[in-house]
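S.K.: below are the sequence and a predicted model for it; my questions follow.
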Amino acid sequence: MTNETTVVEGRAIVRDYAMPGSLFARGSVMRALKGIDFKVSKGKTLAIVGESGSGKSTLARIIALIDAPTSGALLIDGEAVDISRRRPSPALRSKVQMVFQNPYGSLNPRQKVGDVLMEPLVINTTLPATERRDRAEAMLRKVGLQAEHFNRYPHMFSGGQRQRIAIARALMLNPSLLVLDEPVSALDLSVQAQVLNLLADLQDEFGLTYVFVSHDLSVVRYIADEVMVISKGEAVEQGTREALFANPQHPYTKSLFAATPVTNVEAIRARIDRRKAARAATV
Ligand SMILES: Nc1ncnc2c1ncn2[C@@H]1O[C@H](COP(=O)(O)OP(=O)(O)OP(=O)(O)O)[C@@H](O)[C@H]1O
(Lines give C-alpha, C1' and ligand atoms only; values in the text may rest on other atoms or scores of the structure.)
Protein backbone atom coordinates (compact mmCIF):
# COMPACT_ATOMS: atom_id res chain seq x y z
CA MET A 1 0.00 0.00 0.00
CA THR A 2 1.28 3.43 -0.86
CA ASN A 3 0.21 5.22 2.33
CA GLU A 4 2.33 2.97 4.58
CA THR A 5 5.51 4.48 5.96
CA THR A 6 8.62 2.32 5.65
CA VAL A 7 10.54 2.26 8.93
CA VAL A 8 13.38 -0.02 7.92
CA GLU A 9 14.62 -1.15 4.55
CA GLY A 10 17.53 -3.34 3.51
CA ARG A 11 18.95 -3.38 0.00
CA ALA A 12 21.30 -6.14 -1.16
CA ILE A 13 22.67 -6.72 2.33
CA VAL A 14 25.85 -8.81 2.27
CA ARG A 15 27.85 -9.93 5.31
CA ASP A 16 31.16 -11.77 4.99
CA TYR A 17 33.00 -13.31 7.92
CA ALA A 18 36.74 -13.82 7.72
CA MET A 19 37.62 -17.43 8.47
CA PRO A 20 40.93 -17.97 10.25
CA GLY A 21 43.75 -19.38 8.15
CA SER A 22 46.42 -21.86 9.19
CA LEU A 23 50.18 -21.58 9.31
CA PHE A 24 50.31 -22.60 5.64
CA ALA A 25 47.13 -21.21 4.14
CA ARG A 26 45.53 -17.79 4.17
CA GLY A 27 42.11 -17.46 5.69
CA SER A 28 39.06 -17.47 3.47
CA VAL A 29 35.80 -15.59 3.59
CA MET A 30 32.42 -17.05 4.49
CA ARG A 31 29.44 -15.21 3.00
CA ALA A 32 26.76 -15.40 5.73
CA LEU A 33 24.30 -13.08 3.93
CA LYS A 34 24.19 -13.08 0.13
CA GLY A 35 22.25 -9.94 -0.82
CA ILE A 36 19.09 -9.62 1.24
CA ASP A 37 16.29 -7.15 0.42
CA PHE A 38 13.42 -6.32 2.73
CA LYS A 39 11.10 -3.52 3.86
CA VAL A 40 9.02 -3.20 7.01
CA SER A 41 6.18 -0.68 7.36
CA LYS A 42 5.37 1.26 10.51
CA GLY A 43 3.48 -0.76 13.10
CA LYS A 44 4.13 -4.08 11.35
CA THR A 45 6.12 -7.17 12.24
CA LEU A 46 8.53 -8.87 9.88
CA ALA A 47 9.45 -12.36 11.05
CA ILE A 48 12.74 -13.83 9.91
CA VAL A 49 12.63 -17.62 9.85
CA GLY A 50 15.22 -20.22 8.92
CA GLU A 51 17.19 -23.16 10.15
CA SER A 52 20.17 -22.86 12.47
CA GLY A 53 23.10 -21.17 10.76
CA SER A 54 20.97 -19.64 7.96
CA GLY A 55 21.97 -16.09 8.90
CA LYS A 56 19.00 -14.91 10.97
CA SER A 57 21.02 -13.49 13.87
CA THR A 58 23.58 -11.95 11.54
CA LEU A 59 20.80 -10.04 9.77
CA ALA A 60 19.13 -9.10 13.07
CA ARG A 61 22.38 -7.65 14.42
CA ILE A 62 22.84 -5.60 11.24
CA ILE A 63 19.29 -4.23 11.41
CA ALA A 64 19.84 -3.43 15.12
CA LEU A 65 23.00 -1.45 14.18
CA ILE A 66 25.17 -3.73 16.32
CA ASP A 67 27.03 -5.05 13.29
CA ALA A 68 27.63 -3.51 9.86
CA PRO A 69 27.03 -5.17 6.49
CA THR A 70 30.03 -5.80 4.24
CA SER A 71 28.04 -4.14 1.45
CA GLY A 72 24.50 -3.05 0.71
CA ALA A 73 22.31 -0.33 2.16
CA LEU A 74 20.27 -0.06 5.32
CA LEU A 75 17.71 2.73 5.61
CA ILE A 76 16.02 3.69 8.87
CA ASP A 77 13.06 6.07 8.53
CA GLY A 78 14.18 6.64 4.94
CA GLU A 79 17.69 7.72 5.92
CA ALA A 80 20.69 5.65 4.78
CA VAL A 81 22.82 4.37 7.66
CA ASP A 82 26.51 5.15 7.19
CA ILE A 83 27.83 1.57 7.33
CA SER A 84 31.45 2.72 7.46
CA ARG A 85 30.88 4.35 10.87
CA ARG A 86 31.87 2.16 13.78
CA ARG A 87 29.12 3.51 16.00
CA PRO A 88 25.79 4.87 14.84
CA SER A 89 24.93 8.44 15.82
CA PRO A 90 23.09 8.78 19.17
CA ALA A 91 19.93 9.90 17.30
CA LEU A 92 19.98 6.77 15.16
CA ARG A 93 20.95 4.58 18.10
CA SER A 94 17.86 5.61 20.03
CA LYS A 95 15.55 4.72 17.12
CA VAL A 96 16.52 1.05 17.04
CA GLN A 97 16.78 -1.27 20.03
CA MET A 98 17.38 -4.99 20.36
CA VAL A 99 15.97 -7.64 22.71
CA PHE A 100 17.95 -10.86 22.98
CA GLN A 101 16.93 -14.45 23.54
CA ASN A 102 18.42 -14.87 26.96
CA PRO A 103 17.00 -12.53 29.62
CA TYR A 104 19.46 -14.08 32.11
CA GLY A 105 22.54 -13.04 30.17
CA SER A 106 21.34 -9.67 28.91
CA LEU A 107 20.78 -8.05 32.34
CA ASN A 108 23.63 -7.07 34.62
CA PRO A 109 23.11 -9.10 37.85
CA ARG A 110 24.65 -6.31 39.97
CA GLN A 111 22.36 -3.60 38.69
CA LYS A 112 18.97 -2.95 40.29
CA VAL A 113 16.04 -3.02 37.86
CA GLY A 114 15.47 0.72 38.25
CA ASP A 115 19.08 1.44 37.29
CA VAL A 116 18.82 -0.96 34.32
CA LEU A 117 15.88 1.08 33.02
CA MET A 118 17.31 4.52 33.80
CA GLU A 119 20.73 3.81 32.28
CA PRO A 120 19.73 4.62 28.66
CA LEU A 121 18.30 7.94 29.92
CA VAL A 122 21.48 8.74 31.87
CA ILE A 123 23.64 8.06 28.81
CA ASN A 124 21.47 9.65 26.13
CA THR A 125 19.45 12.43 27.75
CA THR A 126 19.82 15.32 30.17
CA LEU A 127 16.62 14.52 32.03
CA PRO A 128 16.75 15.28 35.79
CA ALA A 129 16.87 12.30 38.17
CA THR A 130 13.24 12.60 39.29
CA GLU A 131 12.02 12.55 35.69
CA ARG A 132 14.23 9.53 34.92
CA ARG A 133 12.76 7.71 37.87
CA ASP A 134 9.17 8.59 36.92
CA ARG A 135 9.68 7.34 33.38
CA ALA A 136 11.32 4.10 34.52
CA GLU A 137 8.49 3.40 36.99
CA ALA A 138 5.89 4.14 34.32
CA MET A 139 7.63 1.77 31.91
CA LEU A 140 7.76 -0.97 34.56
CA ARG A 141 4.00 -0.72 34.86
CA LYS A 142 3.57 -0.75 31.08
CA VAL A 143 5.30 -4.13 30.88
CA GLY A 144 3.18 -5.59 33.67
CA LEU A 145 5.57 -5.13 36.62
CA GLN A 146 5.20 -2.82 39.60
CA ALA A 147 6.98 0.26 40.87
CA GLU A 148 8.01 -1.80 43.96
CA HIS A 149 10.21 -3.88 41.64
CA PHE A 150 12.42 -0.83 41.08
CA ASN A 151 14.94 -1.68 43.80
CA ARG A 152 15.18 -5.42 43.18
CA TYR A 153 17.93 -7.30 41.38
CA PRO A 154 17.37 -9.36 38.18
CA HIS A 155 17.92 -12.71 39.95
CA MET A 156 14.79 -12.04 42.04
CA PHE A 157 12.59 -12.35 38.93
CA SER A 158 11.32 -15.25 36.82
CA GLY A 159 12.47 -15.71 33.20
CA GLY A 160 9.31 -14.11 31.84
CA GLN A 161 9.63 -11.13 34.20
CA ARG A 162 13.26 -10.67 33.21
CA GLN A 163 12.29 -10.59 29.56
CA ARG A 164 9.68 -7.94 30.48
CA ILE A 165 12.49 -5.92 32.09
CA ALA A 166 14.64 -6.31 28.94
CA ILE A 167 11.70 -5.13 26.81
CA ALA A 168 11.13 -2.16 29.16
CA ARG A 169 14.80 -1.18 28.91
CA ALA A 170 14.61 -1.38 25.10
CA LEU A 171 11.64 1.02 25.11
CA MET A 172 13.12 3.70 27.41
CA LEU A 173 14.37 5.88 24.53
CA ASN A 174 11.09 5.66 22.57
CA PRO A 175 12.51 3.67 19.64
CA SER A 176 10.53 3.23 16.43
CA LEU A 177 12.00 -0.22 15.73
CA LEU A 178 12.58 -3.23 17.99
CA VAL A 179 14.72 -6.12 16.77
CA LEU A 180 13.79 -9.21 18.76
CA ASP A 181 16.10 -12.23 18.39
CA GLU A 182 14.23 -15.34 19.60
CA PRO A 183 12.78 -13.31 22.50
CA VAL A 184 10.53 -16.08 23.83
CA SER A 185 12.37 -19.28 22.96
CA ALA A 186 14.03 -19.56 26.39
CA LEU A 187 10.63 -19.32 28.15
CA ASP A 188 7.99 -21.90 29.11
CA LEU A 189 5.06 -22.14 26.68
CA SER A 190 2.50 -20.39 28.93
CA VAL A 191 4.97 -17.59 29.62
CA GLN A 192 5.75 -17.32 25.88
CA ALA A 193 2.08 -16.49 25.20
CA GLN A 194 2.09 -13.79 27.90
CA VAL A 195 5.22 -12.13 26.54
CA LEU A 196 3.91 -12.32 22.95
CA ASN A 197 0.65 -10.70 24.08
CA LEU A 198 2.63 -7.99 25.84
CA LEU A 199 4.66 -7.35 22.66
CA ALA A 200 1.42 -7.11 20.64
CA ASP A 201 -0.05 -4.64 23.16
CA LEU A 202 3.09 -2.49 23.18
CA GLN A 203 3.18 -2.51 19.37
CA ASP A 204 -0.38 -1.21 19.33
CA GLU A 205 0.14 1.40 21.99
CA PHE A 206 3.43 2.85 20.71
CA GLY A 207 3.05 2.12 16.98
CA LEU A 208 6.22 0.04 17.15
CA THR A 209 7.73 -1.81 14.21
CA TYR A 210 9.22 -5.24 14.91
CA VAL A 211 11.80 -7.43 13.24
CA PHE A 212 11.29 -10.76 14.96
CA VAL A 213 13.74 -13.64 14.54
CA SER A 214 12.39 -17.10 15.30
CA HIS A 215 12.86 -20.72 14.40
CA ASP A 216 9.39 -21.49 15.82
CA LEU A 217 6.62 -21.35 13.23
CA SER A 218 3.81 -21.26 15.82
CA VAL A 219 5.31 -18.08 17.24
CA VAL A 220 5.76 -16.63 13.73
CA ARG A 221 2.18 -17.46 12.82
CA TYR A 222 1.06 -15.64 15.94
CA ILE A 223 3.12 -12.48 15.72
CA ALA A 224 4.07 -11.82 12.07
CA ASP A 225 2.50 -9.63 9.42
CA GLU A 226 5.21 -10.43 6.87
CA VAL A 227 7.58 -13.39 6.83
CA MET A 228 11.00 -13.77 5.27
CA VAL A 229 12.44 -17.27 5.05
CA ILE A 230 16.20 -17.44 4.83
CA SER A 231 18.29 -20.41 3.85
CA LYS A 232 22.08 -20.34 3.62
CA GLY A 233 22.18 -16.55 3.64
CA GLU A 234 19.55 -16.05 0.95
CA ALA A 235 15.93 -14.91 1.25
CA VAL A 236 14.23 -17.84 -0.47
CA GLU A 237 10.68 -16.65 0.17
CA GLN A 238 8.99 -13.47 1.35
CA GLY A 239 5.33 -12.65 1.75
CA THR A 240 2.43 -11.98 4.03
CA ARG A 241 1.87 -14.37 6.92
CA GLU A 242 -1.44 -15.54 5.44
CA ALA A 243 0.02 -16.23 1.98
CA LEU A 244 3.07 -18.02 3.30
CA PHE A 245 1.24 -20.30 5.68
CA ALA A 246 -1.59 -20.99 3.21
CA ASN A 247 0.63 -21.71 0.26
CA PRO A 248 4.38 -21.99 0.78
CA GLN A 249 6.11 -21.86 -2.61
CA HIS A 250 9.80 -22.55 -2.27
CA PRO A 251 10.88 -26.18 -1.71
CA TYR A 252 12.86 -25.11 1.37
CA THR A 253 9.82 -23.33 2.85
CA LYS A 254 7.63 -26.38 2.14
CA SER A 255 10.11 -28.68 3.87
CA LEU A 256 10.46 -26.27 6.82
CA PHE A 257 6.69 -26.12 7.25
CA ALA A 258 6.28 -29.87 6.82
CA ALA A 259 8.91 -30.54 9.49
CA THR A 260 7.36 -28.22 12.07
CA PRO A 261 3.94 -28.86 13.54
CA VAL A 262 2.10 -25.57 13.86
CA THR A 263 -0.39 -25.41 16.70
CA ASN A 264 -3.70 -23.66 16.15
CA VAL A 265 -3.12 -20.08 17.11
CA GLU A 266 -5.58 -18.52 14.67
CA ALA A 267 -8.10 -17.58 17.35
CA ILE A 268 -5.51 -15.71 19.39
CA ARG A 269 -4.10 -14.15 16.25
CA ALA A 270 -7.57 -12.92 15.30
CA ARG A 271 -7.52 -10.83 18.49
CA ILE A 272 -4.35 -9.05 17.35
CA ASP A 273 -5.82 -8.48 13.86
CA ARG A 274 -9.02 -7.01 15.30
CA ARG A 275 -7.09 -4.58 17.47
CA LYS A 276 -4.80 -3.57 14.60
CA ALA A 277 -7.85 -2.90 12.42
CA ALA A 278 -9.53 -0.90 15.20
CA ARG A 279 -6.37 1.13 15.70
CA ALA A 280 -5.96 1.79 11.97
CA ALA A 281 -9.54 3.04 11.88
CA THR A 282 -8.85 5.58 14.61
CA VAL A 283 -5.58 6.97 13.12
N1 LIG B 1 31.31 -13.80 14.31
C2 LIG B 1 31.29 -14.77 13.39
N3 LIG B 1 32.44 -15.18 12.80
C4 LIG B 1 32.43 -16.15 11.86
N5 LIG B 1 31.31 -16.78 11.43
C6 LIG B 1 30.15 -16.42 11.98
C7 LIG B 1 30.07 -15.40 12.99
N8 LIG B 1 28.76 -15.26 13.35
C9 LIG B 1 28.05 -16.13 12.60
N10 LIG B 1 28.88 -16.83 11.79
C11 LIG B 1 28.48 -17.86 10.81
O12 LIG B 1 27.53 -17.25 9.93
C13 LIG B 1 26.46 -18.17 9.62
C14 LIG B 1 25.14 -17.57 10.04
O15 LIG B 1 25.11 -17.51 11.47
P16 LIG B 1 23.87 -16.89 12.29
O17 LIG B 1 24.21 -16.95 13.73
O18 LIG B 1 23.51 -15.59 11.70
O19 LIG B 1 22.73 -17.96 11.95
P20 LIG B 1 21.32 -18.18 12.65
O21 LIG B 1 20.37 -18.47 11.54
O22 LIG B 1 21.00 -17.05 13.55
O23 LIG B 1 21.57 -19.50 13.50
P24 LIG B 1 21.00 -19.89 14.97
O25 LIG B 1 19.52 -20.08 14.78
O26 LIG B 1 21.71 -21.17 15.25
O27 LIG B 1 21.36 -18.77 15.90
C28 LIG B 1 26.82 -19.47 10.34
O29 LIG B 1 27.49 -20.33 9.43
C30 LIG B 1 27.76 -19.03 11.45
O31 LIG B 1 28.67 -20.06 11.79
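M.R.: Yes, it's here.
S.K.: now do the strands in the protein.
M.R.: 6-18, 29-41, 45-49, 71-76, 79-80, 96-99, 177-181, 209-214, 226-231, 234-240 (DSSP state E).
S.K.: out of those strands, which comes closest to L145?
M.R.: Among these, the nearest to L145 by C-beta to C-beta is strand 96-99 (15.5 Å). Yep, even glycine has a C-beta here, placed from its N, CA and C like the rest.
S.K.: V99 and S71, how far apart?
M.R.: Note on V99: its distance to S71, by C-beta to C-beta, to the nearest Å, is 27 Å.
S.K.: who's more crowded, the two?
M.R.: It is V99, of V99 and S71, that has more neighbours when counted by other C-beta atoms under 10 Å, with 24 against 14.
S.K.: wait, that one sits on D181?
M.R.: Yes. If you go by C-beta atoms under 8 Å, V99 and D181 touch, sitting 7.2 Å apart.
S.K.: what's the overlap in contacts for these two?
M.R.: Among the neighbours of V99, none is also in contact with D181 (C-beta atoms under 8 Å, 6 or more residues apart in numbering).
S.K.: nearest to the ligand: which residue in the stretch 101-250 of the chain?
M.R.: When scored by C-beta to the nearest ligand atom, the stretch 101-250 of the chain has H215 as its residue closest to the ligand, at 5.7 Å.
S.K.: near the ligand, which residues of the chain show up?
M.R.: Contacts of the chain with the ligand, taken as C-beta under 6 Å from any ligand atom, map to Y17, M30, A32, G50, S52, G53, S54, G55, K56, S57, T58, H215.
S.K.: mind redoing it with 5 Å?
M.R.: Residues of the chain lying close to the ligand (C-beta under 5 Å from any ligand atom) are Y17, A32, S52, G53, S54, G55, K56, S57, T58.
S.K.: in JSON lines, list these along with pLDDT and neighbour count.
M.R.: Below are these laid out as JSON lines (pLDDT from 0 to 100; neighbours: other C-beta atoms under 10 Å):
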{"residue": "Y17", "pLDDT": "94", "neighbour count": "13"}
{"residue": "A32", "pLDDT": "97", "neighbour count": "19"}
{"residue": "S52", "pLDDT": "90", "neighbour count": "7"}
{"residue": "G53", "pLDDT": "93", "neighbour count": "12"}
{"residue": "S54", "pLDDT": "94", "neighbour count": "23"}
{"residue": "G55", "pLDDT": "96", "neighbour count": "23"}
{"residue": "K56", "pLDDT": "96", "neighbour count": "22"}
{"residue": "S57", "pLDDT": "95", "neighbour count": "18"}
{"residue": "T58", "pLDDT": "97", "neighbour count": "20"}
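S.K.: pull the most distant pair out of those.
M.R.: Taking C-beta to C-beta, no two of those sit farther apart than Y17 and S52, at 15.8 Å.
S.K.: burial of P120, as a residue count?
M.R.: Using other C-beta under 10 Å, P120 has 20 other residues around it.
S.K.: same question for F206.
M.R.: By other C-beta under 10 Å, 15 other residues sit near F206.
S.K.: A170 is in contact with that one, correct?
M.R.: No. Using C-beta under 8 Å, F206 is not in contact with A170, being 11.2 Å away.
S.K.: surely F257 and L217 touch.
M.R.: Yes. Applying C-beta under 8 Å, one finds F257 in contact with L217, separated by 6.7 Å.
S.K.: tell me which of these two has more neighbours.
M.R.: L217 (22 against 16).
S.K.: pLDDT score for the more buried one?
M.R.: With respect to pLDDT, L217 scores 87.
S.K.: mind starting the numbering at 3 from now?
M.R.: Yes, from this point I'll number from 3; that puts the last item at L219.
S.K.: which residues does E81 contact?
M.R.: By C-beta under 8 Å, 6+ apart, the neighbours of E81 are L94.
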